[in-house]
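Colleague: using only what follows, build the 3D model:
(one chain, ligands or ions: 2)
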Amino acid sequence: MPSPGAGTPLADRYGRRFPYLRLSVIPACNFRCTYCLPNGYHAAPGAASPLGLAEISRLLRGFARLGMHKLRITGGEPSVRHDLTEVLRTAAAVPGVRKLAMTTNGTLLSRRLGEWMDAGLNAINISVDSLDRANFARITGQDRLDDILAGIDMALAADLPAVKLNAVLLRDVNDGELPAWLDYLRDRPVGLRFIELMQTGDNLAFFRDRHVRAETLESRLRDMGWEALPRAEDAGPAREYRHADYAGRIGIVAPYSKDFCAGCNRLRVTATGDLRLCLFGEFGIPLRPFLQDDGQLDDLVRAIGGQIGQKERTHHLHEGRTGITPHLASTGG
Ligand code: SAM
Ligand code: SF4
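Modeller: Ligands and ions are numbered 1, 2, ... in the order given. You can find the predicted model right below:
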């Protein structure tokens, strides 16, 4: 394993570097997305509480020492956490964190955006699986589309440096909505990402019914004149497209495509402080014991650095192996 020095992004044995951390700050969620938490969130009896602010601060200082400069706050639903603004402020105060992003279902976006931006948020991904109000409510269990779309327009008007939308493709549910999305993107400078549905421990039957390859949509886009953008060095696994007639861009996240994992640039930490080397990995290393005191930073850095050599070349989703992830709310998708 290469021994990382301060500011040098961690690298694994396949030469991939990890300047990007996704931190789940709470496993709970107020939505019931059919592919994720169809029965809503239920805490396991005796489940540990999410990391507190001091623990988060120590964790992020450790990762920053290992070259992390992009952080995404995720969940569960981060905005279910009452001290989310404080979490953002804590993260923004960590030296070295240049990009502070969050993935949210957008329920509190229109009310809290200003507060989150003041705390240091400079990029946001909002999940919008359908532009049709009834369809959105069927997928998520919440009739909140109009308010969420208003929040997205506020984020665009507020000049948040990066506003992206995530839509999980679901066969015969929302895979016919490309025309509506194209209308939406014509004048809005947002990056929409179509994400291929992934199998998790809990959703096998749903996955078999609803999985649709993102490549089908991608070739339709190419036929319509959308051009692939050259890959940015820190782009991660999404493939990006643009079209001269549209202000927005479209990204495709196709986890079942060849070489998807070759572009992996991220590590994950769960809400209770377990390091996950892969969304679909077989184990999680508890970092919480290294987050109890400011004097433990060196031990924390050694513990994280010591795990990177265990990162596998690729996930095993093609063989139906989903690792220890029951649903993405548990790991921070
Ligand atoms: N609650 C927030 C949200 O939905 O944006 C953040 C957490 S959610 C787990 C992060 C992203 O993972 C969302 O865009 C969601 O649609 C996506 N996701 C969840 N389960 C998925 C699955 N099985 N396959 C593909 N994407 C999934
Ligand atoms: Fe909640 Fe996000 Fe999962 Fe939907 S995808 S149930 S909003 S965690």
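Colleague: contacts for the least confident helix or strand in the chain by mean pLDDT, please.
Modeller: Counting by mean pLDDT, DSSP states H and E, the chain has its least confident helix or strand at helix 328-331, which shows a mean of 81. The contact list for helix 328-331 (Cβ atoms under 8 Å, 6 or more residues apart in numbering) reads 24, 27, 29, 36-37, 41, 75-77, 198, 200, 268, 270, 276, 279, 325. Backbone N, C-alpha and C define where each C-beta goes, glycine included.
Colleague: intersect those residues with the contacts of ligand 2.
Modeller: Residues of those in contact with ligand 2 (Cβ under 6 Å from any ligand atom): 29, 36-37, 75-77.
Colleague: out of these, which is nearest to Leu170?
Modeller: Of all these, Leu170 sits closest to Cys36, with 11.6 Å by Cβ to Cβ.
Colleague: which helix or strand contains that closest one?
Modeller: Under the criterion DSSP states H and E, no helix or strand holds Cys36.
Colleague: from Gly225, how far out is it?
Modeller: 33 Å (Cβ to Cβ, to the nearest Å).
Colleague: neighbour count: these two, which is higher?
Modeller: Cys36 (24 against 11; other Cβ atoms under 10 Å).
Colleague: return the residues in contact with that one.
Modeller: Cys36 makes contact with 29, 200, 203, 327-329, 333, according to Cβ under 8 Å, 6+ apart.
Colleague: export those residues to CSV and tack on distance to Ser219 and neighbour count?
Modeller: Shown next, in CSV, are the contacts of Cys36 (distance: Cβ to Cβ, whole Å; neighbours: other Cβ atoms under 10 Å):
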residue, distance to Ser219, neighbour count
Cys29, 33, 22
Thr200, 27, 24
Asn203, 26, 23
His327, 30, 21
Leu328, 26, 23
Ala329, 31, 25
Gly333, 25, 22
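Colleague: near ligand 1, which residues of the stretch 51-200 of the chain?
Modeller: For the stretch 51-200 of the chain, the contact set with ligand 1 under Cβ under 6 Å from any ligand atom comprises 74-75, 77, 103-105, 127, 166, 168, 195, 197-198, 200.
Colleague: now do the stretch 201-333 of the chain
Modeller: Residues of the stretch 201-333 of the chain found near ligand 1 (Cβ under 6 Å from any ligand atom) are 203, 328-329, 333.
Colleague: rerun at 8 Å
Modeller: 203, 207, 253, 255, 327-329, 331-333 (Cβ under 8 Å from any ligand atom).
Colleague: and ligand 2, which of these contact it?
Modeller: Answer for those near ligand 2 (Cβ under 8 Å from any ligand atom): 327-329, 333.
Colleague: of the contacts of helix 328-331, which belong to helices?
Modeller: Assignment to helices by DSSP state H places none of these there.
Colleague: distance of Gly225 from Leu182?
Modeller: 11 Å.
Colleague: where does the stretch 1-150 of the chain dip in pLDDT?
Modeller: 1-8 (pLDDT under 70).
Colleague: what does it put close to ligand 2?
Modeller: Counting by Cβ under 8 Å from any ligand atom, the stretch 1-150 of the chain sits next to ligand 2 at 29-33, 35-37, 41, 75-77, 103, 105, 127, 140.
Colleague: and Gly236, what is it in contact with?
Modeller: Going by Cβ under 8 Å, 6+ apart, Gly236 touches 20, 263-266.
Colleague: now, of those, which are buried?
Modeller: 20, 263-266 (16 or more other Cβ atoms under 10 Å).
Colleague: going along the chain, name the helices of the stretch 201-333 of the chain.
Modeller: 204-210, 214-223, 297-307, 328-331 (DSSP state H, counting those that start in this stretch).
Colleague: now the shortest one, how far from the chain's geometric center?
Modeller: The one in question is helix 328-331. Distance of helix 328-331 from its chain centroid, counting by Cα atoms, centre = their mean, to the nearest Å, is 10 Å.
Colleague: cool, and the third one?
Modeller: Using Cα atoms, centre = their mean, we find the averaged C-alpha position of helix 297-307 to lie 24 Å away from the chain's own average C-alpha position.
Colleague: which strands or helices does that helix pack on?
Modeller: helix 53-65, strand 274-276 (3 or more Cβ pairs under 8 Å, 6 or more residues apart in numbering; DSSP states H and E).
Colleague: my read: Pro161 touches Ile124, true?
Modeller: No - the criterion here is Cβ atoms under 8 Å, and Pro161 misses it with Ile124 at 9.5 Å.
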